[in-house]
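Enquirer: show me the folded form of this:
(one chain, ligands or ions: 1)
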Amino acid sequence: MEVTKFKEKAKTYHSKMVDMRRHLHRHPELSYQEYETTEYIIEQLEELDIAVDRPLETGCVGIIEGGKSSQKVVALRADIDALPISEEGDHKRDFLSKNAGIAHCCGHDAHTANLLGAAHILSDLRDEIEGTVLLVFQPGEEKLPGGGRILCETGYLQQKGVDVIYGLHSYPGLEPGQIAVKEGPLMARPDEFKVEIVGKGGHAASPHEAVDPIVMASQVVSQLQTIVSRDVNPTEPAVVTVGKISGGSAHNIIPEKVELLGTVRTFAQETADMIKTRIEAIVKGVTEASGGEYTFDFDYGYPAVTNTDWATNNLVQVAQNILGEEQVHLLDDPIMAGEDFAFYQQEFPGAFFFLGSGSKKTQSTYSWHHPKYNIDEECFLTGAALMASVVFEPLPKS
Ligand code: NI
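Expert: Predicted coordinates:
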């Protein structure tokens, strides 16, 4: 199919996508509580005569049966949840969050509007579609265990016989009209840990009568730095970060305990397992040597987003046709952020890509989860056209 058709159609529906995105942006909802968001999406799909399934309590799946009979099933996924964060966007904007302490600071409002825009394009082209397109509006991307995981566990998509799934994330590091993608590992496994270091509280002037958890915690944080530098194979990307450390109440009191929260980023399960073991060994060693105690919790997060070669290739093909070759950035290295799109890729071939959405003029170059996060709405021209056109790419011959 001619690529100009997708570009033109994305242009036709651009103002509609902007309106939808702004509506969603004004009314953000937290993970697994996306009730109004889901109702809004269903209204939009029903206006297009697209059938809707609700395999989970929130979120939904739109089903477009193509005019050409075939077993082919292509799934397109958007995440729909917002973050527990107070937005600090430009107050001149008329579409700031109306829900206190909740905001779309990761662009999932844009992903949703973009997929609804693709729904418009695909609805127009229904007669030319082979097989079925599933529009997966997924809840709870931001919160473990991940809406993608829960949906996969229902077996819904497996029953539908999905052949391939595509997804995207807005990306402030590139401008609208550009995308970035790579074959193989694209995004890391984000695992989480929590350590409680328990000592014995007392007067700050009598440390010999106390067991100081602050000193133990300091040693633990320093020691943890040696895991990546000494235990992980230097050719393998890995991160151990302590993001929160809390304990104590005053300058002259040795507290009873200190809590550390951190994240581990890796690509291979074995590396995550090894790091988990090393963290606990360090915590155990330090607390034992100092006469303290500890608790240790490690939560496995999402697996690594790992793109299937042929699906990535389909995406690159359509992107090069629609955007031009120089606008399609083939990344050399993965990024260490995580995404629950990975769960779909454990079940089906799939490709995930980054949609350029950053520009200075719209103040949309802030990083994901920044309170000023915003997207340049021009990105819908690219995003909707790509999502719609990749549906028409062939599956590999089996
Ligand atoms: Ni996100």
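
Enquirer: so the residue lying closest to residue 276 once chain neighbours are set aside: helix, strand or coil?
Expert: Once flanking residues are discounted, residue 276 sits nearest to residue 298: 4.8 Å by CB to CB, 6 or more residues apart in numbering. All C-beta atoms are positioned from the backbone trio N, CA, C, and that covers glycine. Following DSSP: H, G, I helix; E, B strand; the rest coil, residue 298 is assigned to strand.

Enquirer: partners of residue 298 in the sheet?
Expert: residue 193 (DSSP bridges).

Enquirer: isn't it right up against residue 195?
Expert: No - proximity of residue 298 to residue 195 does not meet the contact threshold set by CB atoms under 8 Å, at 9.4 Å.

Enquirer: which of those two has more neighbours?
Expert: residue 195 (25 against 18; other CB atoms under 10 Å).

Enquirer: surely the more buried one is in contact with residue 246?
Expert: No - judged on CB under 8 Å, residue 195 makes no contact with residue 246 at a distance of 11.4 Å.

Enquirer: who touches both of those two?
Expert: Among the neighbours of residue 195, those also in contact with residue 246 (CB atoms under 8 Å, 6 or more residues apart in numbering) are residue 259.

Enquirer: so who does the spatially closest residue to residue 173 that is not a sequence neighbour touch?
Expert: Closest residue to residue 173 apart from its sequence neighbours, by CB to CB, 6+ apart: residue 358 at 6.1 Å. By CB under 8 Å, 6+ apart, the contact set of residue 358 is 171-175, 364-365, 375-376.

Enquirer: surely residue 376 is in a helix?
Expert: No - counting by three-state DSSP, residue 376 falls outside a helix, being coil.

Enquirer: go through this structure and flag its longest strand.
Expert: strand 68-79 (DSSP state E).

Enquirer: which strands border it, and is each parallel or antiparallel?
Expert: According to DSSP bridges, strand 68-79 has the following sheet partners: strand 130-138 (parallel), strand 164-171 (parallel).

Enquirer: please enumerate residues in contact with the helix or strand just after the longest one?
Expert: Think strand 130-138. Counting by DSSP states H and E, the next helix or strand C-terminal to strand 130-138 is helix 147-154. Defining contact as CB under 8 Å, 6+ apart, one finds that helix 147-154 is touched by 31-32, 55-56, 59, 77, 79, 81, 136, 138-141, 157-158, 302, 340-344, 346-347.

Enquirer: angle of helix 147-154 against strand 68-79?
Expert: Counting by axes from the mean of the first three to the mean of the last three CA atoms, to 10 degrees, helix 147-154 lies at 140 degrees to strand 68-79.

Enquirer: tell me the mean pLDDT for the helix or strand following helix 147-154?
Expert: Sequence-wise, the next helix or strand downstream of helix 147-154 (DSSP H and E) is helix 156-160. Across helix 156-160, pLDDT averages out at 98.

Enquirer: show me what helix 156-160 packs onto, helices and strands only.
Expert: strand 68-79, strand 130-138, helix 341-347 (3 or more CB pairs under 8 Å, 6 or more residues apart in numbering; DSSP states H and E).

Enquirer: in it, what's buried?
Expert: Neighbour counts using 16 or more other CB atoms under 10 Å place 156-157, 160 of helix 156-160 among the buried residues.

Enquirer: next one: stretch 224-234
Expert: Buried-residue list, stretch 224-234, by 16+ other CB under 10 Å: 224, 227-228, 232.

Enquirer: what's the end-to-end length of that stretch?
Expert: 16 Å (CA to CA, to the nearest Å).

Enquirer: gap between that stretch and the chain center?
Expert: Taking CA atoms, centre = their mean, to the nearest Å, one finds the center of stretch 224-234 at 26 Å from the center of the full chain.

Enquirer: report the mean per-residue pLDDT for it.
Expert: Mean pLDDT, computed over stretch 224-234, is 97.

Enquirer: likewise for stretch 117-136?
Expert: For stretch 117-136, mean pLDDT rounds to 98.

Enquirer: likewise stretch 55-71?
Expert: For stretch 55-71, mean pLDDT rounds to 97.

Enquirer: so what touches the worst-scoring helix or strand of the chain on mean pLDDT?
Expert: Within the chain, no helix or strand scores below helix 3-12, which has a mean of 93 by mean pLDDT, DSSP states H and E. Helix 3-12 has contacts (CB under 8 Å, 6+ apart) with 117, 120-121, 124-125, 318, 321-322, 380-382, 384-386, 388-389.

Enquirer: and the two most separated of the residues you listed?
Expert: Farthest pair in the contacts of helix 3-12 (CB to CB) is 120 and 321. Separation: 20.4 Å.

Enquirer: please say which of these two ends up with more neighbours.
Expert: The neighbour comparison of residue 120 against residue 321 (other CB under 10 Å) goes to residue 120, with 22 against 18.

Enquirer: so the more buried one touches residue 48, yeah?
Expert: Yes - the criterion here is CB under 8 Å, and residue 120 meets it with residue 48 at 6.5 Å.

Enquirer: tell me the buried residues in the lengthiest helix in the chain?
Expert: Longest helix in the chain, counting residues (DSSP state H): helix 269-290. Neighbour counts using 16+ other CB under 10 Å place 271-272, 274-276, 278-280, 282-283, 286-287, 290 of helix 269-290 among the buried residues.

Enquirer: neighbours of the nearest residue to residue 140 once chain neighbours are set aside, how many?
Expert: Closest residue to residue 140 apart from its sequence neighbours, by CB to CB, 6+ apart: residue 147 at 3.4 Å. Using other CB under 10 Å, residue 147 has 27 neighbouring residues.
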